[in-house]
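Colleague: sequence and computational prediction follow.
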Amino acid sequence: MASRVTFIGAGNMASAIIGGMIDNGFSPSAITATSPSDAFLAPVHERFGIHTNTDNAAAVGQADVVVLAVKPQMMRDVCEGLRDVVQRRRPLIISVAAGLPAEALEHWLGGDLAVVRCMPNTPSLVGAGAAGLFANANVSDEQRRLATELLEAVGLVEWVEEESLLDAVTAVSGSGPAYFFLMLEAMEDAGVSLGLPAETARRLAMQTALGAAKMAQQSDKTPAELKRNVMSPGGTTERAIEHLESAGLRRIMGEALEACAARAREMADELGTR
Ligand SMILES: NC(=O)C1=CN([C@@H]2O[C@H](COP(=O)(O)OP(=O)(O)OC[C@H]3O[C@@H](n4cnc5c(N)ncnc54)[C@H](OP(=O)(O)O)[C@@H]3O)[C@@H](O)[C@H]2O)C=CC1
Ligand SMILES: O=C(O)[C@@H]1CCC=N1
(Lines give C-alpha, C1' and ligand atoms only; values in the text may rest on other atoms or scores of the structure.)
(Ligands and ions follow the chains in the order given, each with its own letter.)
Protein backbone atom coordinates (compact mmCIF):
# COMPACT_ATOMS: atom_id res chain seq x y z
CA MET A 1 0.00 0.00 0.00
CA ALA A 2 1.51 3.36 -0.99
CA SER A 3 -0.69 5.46 1.31
CA ARG A 4 0.87 7.58 4.02
CA VAL A 5 -0.75 7.00 7.39
CA THR A 6 -0.57 9.38 10.35
CA PHE A 7 -1.60 8.22 13.83
CA ILE A 8 -2.71 10.99 16.17
CA GLY A 9 -1.78 9.50 19.55
CA ALA A 10 0.91 6.86 20.01
CA GLY A 11 -0.45 4.95 23.02
CA ASN A 12 -1.56 1.34 23.51
CA MET A 13 -3.97 1.06 20.60
CA ALA A 14 -1.93 3.03 18.06
CA SER A 15 1.22 1.06 18.96
CA ALA A 16 -0.65 -2.23 18.61
CA ILE A 17 -1.84 -1.34 15.09
CA ILE A 18 1.51 0.17 14.04
CA GLY A 19 3.45 -2.87 15.29
CA GLY A 20 1.08 -5.24 13.49
CA MET A 21 1.22 -3.21 10.25
CA ILE A 22 5.02 -3.25 10.22
CA ASP A 23 5.20 -6.97 10.98
CA ASN A 24 2.90 -7.45 8.01
CA GLY A 25 5.17 -5.66 5.58
CA PHE A 26 3.95 -2.08 5.83
CA SER A 27 6.83 0.35 5.36
CA PRO A 28 7.74 2.24 8.58
CA SER A 29 8.72 5.22 6.42
CA ALA A 30 5.05 5.62 5.38
CA ILE A 31 3.88 5.87 9.02
CA THR A 32 3.94 8.88 11.34
CA ALA A 33 2.74 8.97 14.95
CA THR A 34 2.17 12.01 17.13
CA SER A 35 2.02 12.67 20.85
CA PRO A 36 2.43 15.84 22.92
CA SER A 37 5.75 14.72 24.41
CA ASP A 38 9.06 14.12 22.66
CA ALA A 39 10.16 11.98 25.61
CA PHE A 40 7.23 9.63 24.91
CA LEU A 41 7.83 9.57 21.15
CA ALA A 42 11.54 8.73 21.29
CA PRO A 43 11.00 5.07 22.31
CA VAL A 44 8.17 4.77 19.76
CA HIS A 45 10.55 5.91 17.01
CA GLU A 46 13.22 3.57 18.35
CA ARG A 47 10.87 0.59 18.52
CA PHE A 48 9.16 0.91 15.13
CA GLY A 49 11.48 3.10 13.02
CA ILE A 50 8.51 5.30 12.04
CA HIS A 51 8.39 9.10 11.80
CA THR A 52 7.24 10.90 14.93
CA ASN A 53 6.08 14.46 15.48
CA THR A 54 4.75 16.49 18.40
CA ASP A 55 2.87 18.75 15.95
CA ASN A 56 -0.40 17.05 14.95
CA ALA A 57 -1.22 19.44 12.09
CA ALA A 58 2.25 19.13 10.56
CA ALA A 59 1.99 15.34 10.70
CA VAL A 60 -1.37 15.41 8.91
CA GLY A 61 -0.07 17.73 6.17
CA GLN A 62 1.24 14.80 4.07
CA ALA A 63 -1.19 12.07 5.13
CA ASP A 64 -3.62 10.08 2.98
CA VAL A 65 -5.11 8.41 6.05
CA VAL A 66 -5.37 9.90 9.54
CA VAL A 67 -5.99 7.48 12.41
CA LEU A 68 -7.39 9.27 15.44
CA ALA A 69 -6.11 7.24 18.42
CA VAL A 70 -6.39 9.54 21.43
CA LYS A 71 -8.70 9.03 24.40
CA PRO A 72 -12.31 9.98 23.65
CA GLN A 73 -12.08 12.84 26.19
CA MET A 74 -9.25 14.43 24.15
CA MET A 75 -10.87 13.95 20.77
CA ARG A 76 -12.79 17.21 20.42
CA ASP A 77 -9.72 19.39 21.10
CA VAL A 78 -7.55 17.25 18.85
CA CYS A 79 -10.07 17.38 15.96
CA GLU A 80 -10.62 21.11 16.26
CA GLY A 81 -6.85 21.61 16.13
CA LEU A 82 -6.71 19.61 12.90
CA ARG A 83 -9.67 21.28 11.21
CA ASP A 84 -7.75 23.56 8.82
CA VAL A 85 -5.22 21.01 7.62
CA VAL A 86 -7.84 18.27 7.29
CA GLN A 87 -10.14 20.52 5.25
CA ARG A 88 -7.22 21.37 2.94
CA ARG A 89 -5.84 17.84 2.63
CA ARG A 90 -9.11 15.84 2.93
CA PRO A 91 -7.56 12.52 4.01
CA LEU A 92 -9.59 9.47 4.98
CA ILE A 93 -10.28 9.78 8.72
CA ILE A 94 -10.27 6.59 10.79
CA SER A 95 -11.25 6.96 14.45
CA VAL A 96 -10.61 4.15 16.91
CA ALA A 97 -12.28 5.95 19.84
CA ALA A 98 -14.95 4.08 21.77
CA GLY A 99 -18.41 5.63 21.66
CA LEU A 100 -17.78 8.80 19.62
CA PRO A 101 -20.17 9.04 16.64
CA ALA A 102 -18.78 9.66 13.14
CA GLU A 103 -21.06 12.71 12.82
CA ALA A 104 -19.47 14.41 15.86
CA LEU A 105 -15.94 13.71 14.60
CA GLU A 106 -16.84 15.00 11.14
CA HIS A 107 -18.40 18.13 12.65
CA TRP A 108 -15.38 18.85 14.89
CA LEU A 109 -13.12 18.46 11.84
CA GLY A 110 -15.11 21.04 9.85
CA GLY A 111 -17.66 18.81 8.07
CA ASP A 112 -18.11 16.92 4.80
CA LEU A 113 -15.38 14.32 5.32
CA ALA A 114 -14.94 10.61 4.74
CA VAL A 115 -14.95 9.06 8.23
CA VAL A 116 -14.52 5.41 9.12
CA ARG A 117 -15.17 4.48 12.71
CA CYS A 118 -13.18 1.49 13.77
CA MET A 119 -13.27 -0.55 16.97
CA PRO A 120 -10.01 -2.55 16.98
CA ASN A 121 -8.37 -4.44 19.83
CA THR A 122 -4.85 -4.73 21.22
CA PRO A 123 -4.06 -8.24 19.85
CA SER A 124 -3.51 -6.27 16.60
CA LEU A 125 0.05 -6.04 17.93
CA VAL A 126 0.57 -9.74 17.23
CA GLY A 127 -1.42 -9.79 13.98
CA ALA A 128 -4.41 -11.37 15.73
CA GLY A 129 -6.63 -8.31 16.07
CA ALA A 130 -10.37 -8.16 15.52
CA ALA A 131 -11.91 -4.91 14.33
CA GLY A 132 -15.43 -3.71 13.57
CA LEU A 133 -15.67 -0.91 11.00
CA PHE A 134 -18.42 1.52 10.00
CA ALA A 135 -18.22 4.00 7.10
CA ASN A 136 -20.13 7.27 6.87
CA ALA A 137 -21.86 8.21 3.60
CA ASN A 138 -18.83 10.15 2.30
CA VAL A 139 -16.54 7.10 2.28
CA SER A 140 -15.88 5.85 -1.27
CA ASP A 141 -15.50 2.19 -2.22
CA GLU A 142 -11.78 2.83 -2.71
CA GLN A 143 -11.51 4.29 0.81
CA ARG A 144 -13.39 1.28 2.22
CA ARG A 145 -10.86 -0.97 0.53
CA LEU A 146 -8.03 1.15 1.96
CA ALA A 147 -9.42 0.93 5.52
CA THR A 148 -9.97 -2.83 5.10
CA GLU A 149 -6.40 -3.31 3.80
CA LEU A 150 -4.94 -1.32 6.69
CA LEU A 151 -6.86 -3.15 9.42
CA GLU A 152 -6.61 -6.57 7.75
CA ALA A 153 -2.83 -6.19 8.04
CA VAL A 154 -3.35 -6.66 11.78
CA GLY A 155 -6.23 -9.12 11.94
CA LEU A 156 -9.90 -9.78 11.21
CA VAL A 157 -12.12 -7.02 9.81
CA GLU A 158 -15.93 -7.01 10.05
CA TRP A 159 -17.91 -4.12 8.55
CA VAL A 160 -21.19 -3.15 10.21
CA GLU A 161 -23.82 -1.16 8.33
CA GLU A 162 -25.41 0.41 11.43
CA GLU A 163 -23.15 2.65 13.49
CA SER A 164 -24.84 1.75 16.77
CA LEU A 165 -23.57 -1.82 16.33
CA LEU A 166 -20.04 -0.59 17.04
CA ASP A 167 -21.01 -0.44 20.73
CA ALA A 168 -21.77 -4.16 20.51
CA VAL A 169 -18.44 -4.73 18.73
CA THR A 170 -16.75 -2.83 21.59
CA ALA A 171 -18.45 -5.16 24.08
CA VAL A 172 -17.44 -8.35 22.26
CA SER A 173 -13.98 -7.71 20.77
CA GLY A 174 -12.80 -4.17 21.59
CA SER A 175 -12.82 -4.81 25.34
CA GLY A 176 -12.85 -8.58 24.86
CA PRO A 177 -9.14 -9.27 25.27
CA ALA A 178 -9.41 -8.08 28.87
CA TYR A 179 -12.07 -10.72 29.63
CA PHE A 180 -9.76 -13.45 28.38
CA PHE A 181 -6.79 -12.01 30.31
CA LEU A 182 -8.98 -12.10 33.44
CA MET A 183 -9.81 -15.74 32.66
CA LEU A 184 -6.08 -16.50 32.31
CA GLU A 185 -5.40 -14.84 35.68
CA ALA A 186 -8.19 -16.84 37.31
CA MET A 187 -7.06 -20.14 35.77
CA GLU A 188 -3.47 -19.51 36.85
CA ASP A 189 -4.59 -18.73 40.42
CA ALA A 190 -6.76 -21.84 40.51
CA GLY A 191 -3.90 -23.97 39.16
CA VAL A 192 -1.61 -22.59 41.88
CA SER A 193 -4.24 -23.40 44.52
CA LEU A 194 -4.23 -26.96 43.19
CA GLY A 195 -0.45 -27.15 43.64
CA LEU A 196 1.06 -26.16 40.26
CA PRO A 197 3.95 -23.68 40.06
CA ALA A 198 2.58 -20.30 38.85
CA GLU A 199 4.64 -20.31 35.62
CA THR A 200 3.48 -23.82 34.75
CA ALA A 201 -0.16 -22.94 35.43
CA ARG A 202 0.17 -19.77 33.34
CA ARG A 203 1.77 -21.56 30.37
CA LEU A 204 -0.84 -24.32 30.45
CA ALA A 205 -3.70 -21.83 30.65
CA MET A 206 -2.32 -19.68 27.81
CA GLN A 207 -1.73 -22.64 25.50
CA THR A 208 -5.19 -23.99 26.28
CA ALA A 209 -6.81 -20.65 25.40
CA LEU A 210 -4.82 -20.48 22.16
CA GLY A 211 -5.64 -24.09 21.28
CA ALA A 212 -9.35 -23.68 21.98
CA ALA A 213 -9.58 -20.50 19.88
CA LYS A 214 -7.63 -22.05 16.98
CA MET A 215 -9.75 -25.16 17.10
CA ALA A 216 -12.99 -23.18 17.16
CA GLN A 217 -11.77 -21.15 14.16
CA GLN A 218 -10.67 -24.15 12.12
CA SER A 219 -13.46 -26.60 12.94
CA ASP A 220 -16.86 -26.95 11.22
CA LYS A 221 -18.33 -27.64 14.66
CA THR A 222 -19.92 -24.95 16.84
CA PRO A 223 -18.30 -24.01 20.18
CA ALA A 224 -21.17 -25.86 21.88
CA GLU A 225 -20.31 -29.08 19.99
CA LEU A 226 -16.58 -28.70 20.65
CA LYS A 227 -17.36 -28.20 24.33
CA ARG A 228 -19.48 -31.37 24.40
CA ASN A 229 -16.56 -33.29 22.82
CA VAL A 230 -14.41 -32.43 25.84
CA MET A 231 -17.14 -33.44 28.31
CA SER A 232 -17.04 -37.19 28.87
CA PRO A 233 -20.35 -38.25 30.47
CA GLY A 234 -19.84 -38.43 34.21
CA GLY A 235 -16.31 -37.10 33.81
CA THR A 236 -14.27 -34.19 35.08
CA THR A 237 -15.18 -31.49 32.52
CA GLU A 238 -18.90 -32.07 33.02
CA ARG A 239 -18.42 -31.36 36.71
CA ALA A 240 -16.54 -28.10 36.01
CA ILE A 241 -19.01 -26.90 33.34
CA GLU A 242 -22.00 -27.68 35.58
CA HIS A 243 -20.36 -25.52 38.21
CA LEU A 244 -19.77 -22.61 35.79
CA GLU A 245 -23.33 -22.82 34.43
CA SER A 246 -25.00 -23.02 37.83
CA ALA A 247 -22.83 -20.16 39.11
CA GLY A 248 -24.33 -18.05 36.28
CA LEU A 249 -21.37 -17.53 33.92
CA ARG A 250 -23.67 -16.91 30.90
CA ARG A 251 -25.74 -14.35 32.80
CA ILE A 252 -22.60 -12.67 34.13
CA MET A 253 -21.10 -12.42 30.62
CA GLY A 254 -24.38 -11.03 29.25
CA GLU A 255 -24.53 -8.40 31.97
CA ALA A 256 -20.85 -7.49 31.58
CA LEU A 257 -21.15 -6.97 27.83
CA GLU A 258 -24.36 -4.97 28.25
CA ALA A 259 -22.57 -2.75 30.81
CA CYS A 260 -19.69 -2.31 28.36
CA ALA A 261 -21.95 -1.24 25.47
CA ALA A 262 -23.93 1.03 27.82
CA ARG A 263 -20.68 2.70 28.91
CA ALA A 264 -19.80 3.40 25.24
CA ARG A 265 -23.19 5.13 24.79
CA GLU A 266 -22.76 6.98 28.10
CA MET A 267 -19.29 8.23 27.05
CA ALA A 268 -20.78 9.71 23.88
CA ASP A 269 -23.46 11.44 26.01
CA GLU A 270 -20.88 12.76 28.50
CA LEU A 271 -18.89 14.24 25.62
CA GLY A 272 -22.01 16.02 24.36
CA THR A 273 -22.17 14.24 21.04
CA ARG A 274 -25.83 13.18 21.13
N1 LIG B 1 -6.67 0.15 24.56
C2 LIG B 1 -7.53 -0.58 23.91
O3 LIG B 1 -7.62 -1.82 24.08
C4 LIG B 1 -8.46 0.04 22.90
C5 LIG B 1 -8.55 1.41 22.78
N6 LIG B 1 -9.41 1.95 21.85
C7 LIG B 1 -9.50 3.40 21.71
O8 LIG B 1 -8.21 3.87 21.37
C9 LIG B 1 -8.07 5.21 21.83
C10 LIG B 1 -6.73 5.34 22.53
O11 LIG B 1 -6.71 4.46 23.65
P12 LIG B 1 -5.35 3.90 24.24
O13 LIG B 1 -4.38 3.72 23.14
O14 LIG B 1 -5.70 2.78 25.12
O15 LIG B 1 -4.92 5.17 25.12
P16 LIG B 1 -3.45 5.67 25.51
O17 LIG B 1 -3.62 6.62 26.65
O18 LIG B 1 -2.54 4.51 25.63
O19 LIG B 1 -3.01 6.50 24.22
C20 LIG B 1 -3.46 7.78 23.91
C21 LIG B 1 -2.30 8.54 23.34
O22 LIG B 1 -2.74 9.81 22.88
C23 LIG B 1 -1.74 10.76 23.23
N24 LIG B 1 -2.30 12.10 23.24
C25 LIG B 1 -2.95 12.76 24.24
N26 LIG B 1 -3.26 14.01 23.82
C27 LIG B 1 -2.82 14.11 22.54
C28 LIG B 1 -2.82 15.15 21.59
N29 LIG B 1 -3.37 16.34 21.85
N30 LIG B 1 -2.26 14.93 20.39
C31 LIG B 1 -1.68 13.74 20.09
N32 LIG B 1 -1.64 12.72 20.96
C33 LIG B 1 -2.21 12.90 22.16
C34 LIG B 1 -1.30 10.30 24.61
O35 LIG B 1 -0.09 10.93 24.96
P36 LIG B 1 0.19 11.25 26.54
O37 LIG B 1 0.22 9.91 27.21
O38 LIG B 1 1.52 11.94 26.50
O39 LIG B 1 -0.95 12.11 27.00
C40 LIG B 1 -1.18 8.81 24.36
O41 LIG B 1 0.05 8.49 23.75
C42 LIG B 1 -9.25 5.53 22.74
O43 LIG B 1 -10.10 6.42 22.06
C44 LIG B 1 -9.90 4.17 22.97
O45 LIG B 1 -11.30 4.29 23.07
C46 LIG B 1 -10.14 1.19 21.00
C47 LIG B 1 -10.07 -0.17 21.07
C48 LIG B 1 -9.26 -0.86 22.05
O1 LIG C 1 -11.68 0.50 27.72
C2 LIG C 1 -11.84 1.29 26.78
O3 LIG C 1 -12.56 2.30 26.91
C4 LIG C 1 -11.17 1.02 25.46
C5 LIG C 1 -12.18 0.84 24.36
C6 LIG C 1 -12.20 -0.63 24.05
C7 LIG C 1 -11.05 -1.17 24.79
N8 LIG C 1 -10.48 -0.26 25.50
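Modeller: Yep, it's here. Numbers count the residues shown, from 1 in each chain. Ligands and ions are numbered 1, 2, ... in the order given.
Colleague: up against ligand 1, what does the stretch 51-200 of the chain have?
Modeller: 56, 69-72, 74, 78, 96-98, 119-122, 174 (Cβ under 6 Å from any ligand atom). The way it works is simple: take the backbone N, C-alpha and C, and place the C-beta from them, glycine included.
Colleague: please convert the buried members of those into PyMOL selection syntax.
Modeller: To isolate the buried ones among these in PyMOL, judged by 16 or more other Cβ atoms under 10 Å, type:
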select buried, resi 56+69+70+72+78+96+97+98+119+120+121+122+174
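Colleague: what ranges does the chain have for its strands?
Modeller: Here the chain has its strands, by DSSP state E, at 5-8, 31-34, 51-53, 65-68, 92-95, 115-119, 129-135, 155-159.
Colleague: any weak-confidence spans in the protein?
Modeller: Applying pLDDT under 70 to the chain flags residues 1-2, 274.
Colleague: in the stretch 101-250 of the chain, which residue sits closest to ligand 2?
Modeller: Gly174 (3.7 Å; Cβ to the nearest ligand atom).
Colleague: would you mind confirming that that residue is in contact with Met119?
Modeller: Yes: between Gly174 and Met119 there is a contact at 4.4 Å, judged by Cβ atoms under 8 Å.
Colleague: any common contacting residues for these two?
Modeller: Shared contacts of Gly174 and Met119 (Cβ atoms under 8 Å, 6 or more residues apart in numbering): 98, 132.
Colleague: and the residue of this protein that's closest to ligand 1?
Modeller: For the chain, the residue closest to ligand 1 is Gly11, as judged by Cβ to the nearest ligand atom, at 1.8 Å.
Colleague: give the contact list for that residue.
Modeller: Counted by Cβ under 8 Å, 6+ apart, Gly11 has contacts 35, 69-70.
Colleague: would you agree Ser173 is in contact with Gly132?
Modeller: Yes: when contacts are counted by Cβ under 8 Å, Ser173 is listed as touching Gly132 (6.9 Å).
Colleague: quick check: residues of the stretch 101-250 of the chain near ligand 2?
Modeller: The stretch 101-250 of the chain comes close to ligand 2 at residues 170, 174-175, as judged by Cβ under 6 Å from any ligand atom.
Colleague: rerun that using 5 Å as the cut-off
Modeller: Contacts of the stretch 101-250 of the chain with ligand 2, taken as Cβ under 5 Å from any ligand atom, map to 174-175.
Colleague: and the helices in the stretch 101-250 of the chain?
Modeller: With DSSP state H, counting those that start in this stretch as the criterion, the stretch 101-250 of the chain has helices at 102-108, 141-152, 165-169, 176-193, 198-218, 223-230, 236-246, 249-270.
Colleague: contacts for the second one, please.
Modeller: It stands for helix 141-152. Helix 141-152 is contacted from outside by 1, 3, 5, 17, 21, 64-65, 92, 94, 114, 116, 118, 120, 129, 131, 133, 135, 139, 157, 159, using Cβ under 8 Å, 6+ apart.
Colleague: and what of the longest one?
Modeller: Contacts of helix 249-270 from elsewhere in the structure, counted by Cβ under 8 Å, 6+ apart, are 72, 98-101, 104, 166-168, 170-172, 175, 179, 274.
Colleague: please redo it, this time with the cut-off set to 6 Å
Modeller: 72, 98-99, 167-168, 170-171, 175, 274 (Cβ atoms under 6 Å, 6 or more residues apart in numbering).
Colleague: residue in the stretch 1-150 of the chain with the shortest distance to ligand 2?
Modeller: Counting by Cβ to the nearest ligand atom, the stretch 1-150 of the chain gets nearest to ligand 2 through Ala98 (3.8 Å).
Colleague: still on that earlier bit, higher neighbour count, Ser173 and Gly132?
Modeller: Between Ser173 and Gly132, counted using other Cβ atoms under 10 Å, Gly132 has the larger neighbour count: 24 against 20.
Colleague: show me the beta-bridge partners of that one.
Modeller: Following DSSP bridges, Gly132 is listed with bridge partners Met119, Glu158.
Colleague: what about the nearest residue to Thr237 once chain neighbours are set aside, distance to Leu194?
Modeller: Spatial nearest neighbour of Thr237, excluding adjacent residues (Cβ to Cβ, 6 or more residues apart in numbering): Met231 at 4.4 Å. Distance of Met231 to Leu194, computed by Cβ to Cβ, to the nearest Å: 20 Å.
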